[in-house]
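> whatever this is, show me its structure:
(2 chains)
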Amino acid sequence: MPRVTKNEEETILGVQKIVERIGKTRADLISVLQAVTNEFGFISQTAMEELSGLMNLPTKEIYSVATFYRMLSTQPRGRHVVQFCESAPCHVVGGREVIATLKKALALEPGQTSPDKKWTLLATSCLGVCGMGPVILIDTDMYGNVTPEQVKEILSRYE
Amino acid sequence: MKTVRSMILVSNDPESKLRGSEKIYAAFQQQLLQYGLSEEVSLSMVSDLGYSYASPLVLIYPEAVVYGPIKAQDVPYIVEEHLYKGRVVEEKRAPAHELSGKVAWLSARKGTLPAQNRVVLKNVGIIDPESIDDYIANDGYQALGIALEKTPDEVIAIIKNSGLQGRGGAGFPTGIKWGYVNKTFGDKKYVICNADESEPGTFKDRVVLEGDPHAIIEAMAIAAYAVGADEGYIYIRGEYQLAIERVETAIKQAKEFGLLGENIFGSDFSFKIHVHAGAGAYICGEETALIESIEGKRGEPRSRPPYPTTNGLWGKPTLVNNVETLANIPAIIRNGAEWYRALGTPSSPGTKVFTVLGNVNVTGLIEVPMGITLREVVSIYAKGMKSGSFKLAQTGGSSGSIIPASLQDTPMDFESYKKAGVSLGSGALLICNDEVCIVDLAKVLLNFFKVESCGKCTPCRIGTKRAYDILMGISQGQGSLEDLDELLSLNKEMLELSNCGLGQTAGVPLRDMLNYFRAEVEAHIRLGVCPTGVCPMHA
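Sure thing, here's the model as predicted:
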C-alpha cells in the first residue's frame, strides 16, 4: 500500500466529515461535491476515491458529475477566482472591452491559472444581475457597471 | 405591526459601508429625535438596494424617493425638508442611470405610488422577506386556507379558468398541467419549483425569491394539495445565495407556524419542502434535466415522452412549475379566476414580469399587463434609449427571439408574438441600439449555447459549435454566401433533431438574424465591411 501523504490524509478526513454532515445517498452527491470544492478549492483524485468508497459509487460516476457543473472543479484554482459574464446583456453594454482589459491585466486566457497561483480567470454564463452589466465576480464579491478603467483598481483590492 | 408615517431605508452593502452608511444612519437617528419624529418615522439599514455608484443610497417611503450619494452632513437638510416640511429634495435625488433593479424602478416613478397592478411582485420591496408576520399581515397564507376548504378538483378548475400560462418561457396552460398530475395514479407525487433561472438577462425569479419567499411556499402547498403530492423541492441555482438563504428561513418559519408539516390547518393534508441548490448548469432549467440533477446525476435531459407529469422525480408523477407561475397562484385563489382574466389580454391573461436591459436609460424589473408593446416599454419604463436609436430587442434565453424595430408595436402576449413568428421568451428584454452588430450578437448567443450544451445529443453538440465557427468566420471577413445557407439548414436540423428545448431553439438567433438583418450580414461577406464597425474583419 502506498504511503498516504499528510495532505491526502487531511483531504480524506475532511471528505469523511462532509459526507457525515450531508449524507451518502445518490441525491446528496452534488451537495457533497459542492462542499468539497468549497473546502479544498477543488475535488482531487484522492477526494473522489474516498467518496467512491463512502457513497458506494464508481469513481467515474463521481468524476462525470463533478465535471458537468460549472461551480464544481476538478482542477486546483488560484487564490482568487475572477469570473466575467460573457452573455449578451453584459456584452452589449461594454462587456467586450471589460473582458479584453481583464485578460490583459491578468495576462491570462479564460480557464487559466496564473503561475504564482494568485488568479484563475473564468468565463461564465449569466449571473442574474443583468440590470447592472457588465458584471464581474471575484470570489464572492460582485462588481456591476464595470468599466475598463476600473479593472485595475478592482484587482488591486485583492492580496 | 407598528404603523408609521414614513419609512427610511439606508443601504448598507459593503460599498455603502465604506462610504459611511453607518454615520448616515446615526445622523438620521439623531435628527429624527431632534424633530420629535422617532415615533412616526421608521429607520432601517438594508443590505440590497442594488449596487450603484450613487451609493450610499437612502430610500424614503411612501414617496419612494431615492437619494444618493448621501453624506452624513446632508441628513439634517433632508430630514427638515422631506420629513418635516414634506418637500422632496430634488438636488439630492440619485441620477436614474446610476441605479439598477428595483430601486431604478422606484426612482423612475418620480415619487408616485405604484400605478401598476402588481400581482407577482405585490409584496416585493414592501414587506420584510424574513418575517412571516409581515407576509401574513399582507393576506399571506389566506389562499392556502381557502384552497384547503375546496376539493382539489375545484382548485384546479379555478386555475384552469384563470387562463394562467407557464411563465418559464413555453407558456403551457398551468391548470391543464395540474390536471394531468392530479389524474395520474400514484402513491407518491412531487411538486417542484423551478428556480434555476439561468436565461441570460432574466432575474425576475431571483427578485421574487429574495423579496417574497413565502408566496412561493404557499403556492407550492396549494399546488401539492391540488395534485395530491406531499413532498416538494425548490431547485434554486447555486449562484443565488441570498435567495437560497431567504427561502430556507421562510421554510423554517412556515414549519413553526404549522403551515408546512403534518395536517396543515387541521386537515388531512401534509406537505414538506426541500431546497436543492444547483451547481452551475444552464441546462438544469430544462425540467427533466432538473429532475436528474435533484437525483444527484449529470443534468442531462431525458427523452420525452414519458413526461414528468407521469414519470418524474424518482419515476413518480411530478409537477414542475416556474417561480413566476407559482407567484400568481395565491392571488388567483384569493381573488378568483374572473379577477385574473380582467388583467392582460383575452388569450394571455395576467401580468408579466420583464427585465429591461441594454442601451436604455433605466434598466430593471417591471411588472406590466400582458399585451403591452415594446415601444411602450422602451419609452415609458426604460425612459428611452441611452444613446443611438432602437435597432432590436432580444427576448432572452433559449426560447427568445430577436425582435426588429418593425415589430415594436406588436402586443407582447404569447399569441400575438407567435403569430408574428417570434417568441416572448422568459421575460428578458435586451434592448440594443444601432451600435450593436447583428453578427456579433448572434455570435455571443451561439457561444452561450455552445458552452451550455450538455453534449448528450449530437445535433445540438455539433450544431452549436459549427454555427459558432461559421459566425466567427463571417465576423473576421472570411464568410461566404454558402455559409448563410448552411446556417439556415443547421437551424432546421437542430430544431427537428435535438432532444430538448436548448438544441431546438439554439438556431433561433440564426433564423431571426437572416430574416430581419440579412443585408447587414451580407455586407460582411460581399463588401468585407462590418457596418457598425464592431467586428474585427481582418482576413
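
> buried stuff in stretch A:78-85?
Of all the residues in stretch A:78-85, those buried under the rule 16 or more other CB atoms under 10 Å in any protein chain shown are A:78, A:80, A:81, A:82, A:83, A:84, A:85. Backbone N, C-alpha and C define where each C-beta goes, glycine included.

> could you tell me which of those residues belong to helices?
Judged by DSSP state H, helices contain none of the buried residues of stretch A:78-85.

> farthest-separated two in the residues you listed?
Pairwise distances across the buried residues of stretch A:78-85 (CB to CB) peak at 19.1 Å, for the pair A:78 and A:85.

> all strands in the chain, in order from the N-terminus.
No chain in the question, so chain A it is. Per DSSP state E, chain A carries strands over the ranges A:80-85, A:119-124, A:136-138, A:141-143.

> that's the other chain; I wanted chain B
Secondary structure of chain B (DSSP E): strands at B:6-11, B:41-46, B:58-61, B:65-67, B:190-195, B:231-236, B:272-277, B:318-322, B:351-358, B:364-369, B:390-394, B:402-404, B:428-433.

> got CSV for those strands, with distance to residue A:37 too?
Listed next are these as CSV, based on distance: least, CB to CB, whole Å:
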stretch, distance to residue A:37
strand B:6-11, 31
strand B:41-46, 31
strand B:58-61, 37
strand B:65-67, 38
strand B:190-195, 21
strand B:231-236, 18
strand B:272-277, 12
strand B:318-322, 27
strand B:351-358, 29
strand B:364-369, 31
strand B:390-394, 33
strand B:402-404, 37
strand B:428-433, 29
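
> now the ones you listed in a markdown table, with mean neighbour count?
Formatted as a markdown table, those follow (neighbours: other CB atoms under 10 Å in any protein chain shown):
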| stretch | mean neighbour count |
| --- | --- |
| strand B:6-11 | 22 |
| strand B:41-46 | 16 |
| strand B:58-61 | 22 |
| strand B:65-67 | 25 |
| strand B:190-195 | 28 |
| strand B:231-236 | 24 |
| strand B:272-277 | 19 |
| strand B:318-322 | 27 |
| strand B:351-358 | 27 |
| strand B:364-369 | 23 |
| strand B:390-394 | 25 |
| strand B:402-404 | 23 |
| strand B:428-433 | 26 |
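
> make a markdown table out of those strands and add distance to residue B:336 and mean pLDDT.
Below are these laid out as a markdown table (distance: least, CB to CB, whole Å; pLDDT from 0 to 100):
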| stretch | distance to residue B:336 | mean pLDDT |
| --- | --- | --- |
| strand B:6-11 | 32 | 86 |
| strand B:41-46 | 34 | 84 |
| strand B:58-61 | 30 | 84 |
| strand B:65-67 | 36 | 86 |
| strand B:190-195 | 23 | 96 |
| strand B:231-236 | 25 | 97 |
| strand B:272-277 | 26 | 96 |
| strand B:318-322 | 20 | 96 |
| strand B:351-358 | 16 | 89 |
| strand B:364-369 | 18 | 85 |
| strand B:390-394 | 34 | 93 |
| strand B:402-404 | 34 | 93 |
| strand B:428-433 | 30 | 92 |
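
> low-confidence bits of the chain, can you list those?
All of this refers to chain A. A:1-4 (pLDDT under 70).

> actually it's chain B I care about, not the one you picked
For chain B, the ranges with pLDDT under 70 are B:1-3, B:47-52, B:96-117, B:397-399, B:539.

> can you pull up the most central residue in it?
For chain B, residue B:204 is the residue whose C-alpha lies nearest the centre (CA atoms, centre = their mean; 1.9 Å).

> so what secondary structure elements neighbour the longest helix along chain A?
Using DSSP H, we find that the single longest helix of chain A is helix A:6-22. Here helix A:6-22 touches helix A:29-40, helix A:45-55, going by 3 or more CB pairs under 8 Å, 6 or more residues apart in numbering or on different chains; DSSP states H and E.

> the inter-axis angle of the shortest one versus helix A:6-22?
Our comparison of helix A:45-55 with helix A:6-22, counting by axes from the mean of the first three to the mean of the last three CA atoms, to 10 degrees, yields an angle of 40 degrees.

> likewise the first one?
Here helix A:29-40 runs at an angle of 140 degrees relative to helix A:6-22 (the same axes, to 10 degrees).

> could I get the buried residue list for helix A:29-40?
A:29, A:30, A:31, A:32, A:33, A:34, A:35, A:36, A:37, A:40.

> on that earlier part again, out of the helices and strands packed on helix A:6-22, which gets nearest to chain B?
Smallest distance to chain B across the helices and strands packed on helix A:6-22 (CB to the nearest CB): 3.9 Å, for helix A:29-40.

> near the residue nearest to residue B:297 when sequence neighbours are not counted, how many other residues are there?
In space, residue B:297 comes closest to residue A:65 once its chain neighbours are excluded; the distance is 6.6 Å by CB to CB, 6 or more residues apart in numbering or on different chains. Neighbourhood size, residue A:65 [other CB atoms under 10 Å in any protein chain shown]: 23.

> distance check, residue A:65 against residue B:57.
42 Å (CB to CB, to the nearest Å).

> and chain A, which of its residues are near chain B?
Counting by CB under 8 Å from any CB of the partner chain, chain A comes close to chain B at A:25-31, A:33-34, A:64-65, A:68-72, A:86-89, A:91-93, A:123-133, A:140-145.

> would you list the buried entries among these?
For these, a burial check counting by 16+ other CB under 10 Å picks out A:27-31, A:33-34, A:65, A:68-72, A:86-89, A:91-93, A:123-133, A:142-145.

> could the buried residues of helix A:29-40 be laid out in CSV, adding distance to residue A:18?
Converted to CSV, the buried residues of helix A:29-40 look like this (distance: CB to CB, whole Å):
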residue, distance to residue A:18
A:29, 11
A:30, 12
A:31, 9
A:32, 6
A:33, 9
A:34, 10
A:35, 5
A:36, 6
A:37, 10
A:40, 10
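
> for the residues you listed, which one is nearest residue B:404?
Using CB to CB, the buried residues of helix A:29-40 come closest to residue B:404 at residue A:30, 41.2 Å.

> who are the neighbours in contact with the closest residue in space to that closest one that isn't next to it in sequence?
Excluding its sequence neighbours, the residue lying closest to residue A:30 (CB to CB, 6+ apart) is residue B:279, at 5.3 Å. Neighbour list for residue B:279: A:30, A:33, A:34, A:69, A:70, A:71, A:72, B:238, B:293 [criterion: CB atoms under 8 Å, 6 or more residues apart in numbering or on different chains].

> residue A:22 too?
Counting by CB under 8 Å, 6+ apart, residue A:22 has contacts A:28, A:31, A:32, A:35.

> how far away is it from chain B?
11 Å (CB to the nearest CB, to the nearest Å).

> how far away is the closest residue to residue A:109 other than its chain neighbours from chain B?
What sits nearest to residue A:109 in space, not counting adjacent residues and going by CB to CB, 6+ apart, is residue A:103, at 6.5 Å. Per CB to the nearest CB, residue A:103 is found 15 Å from chain B.
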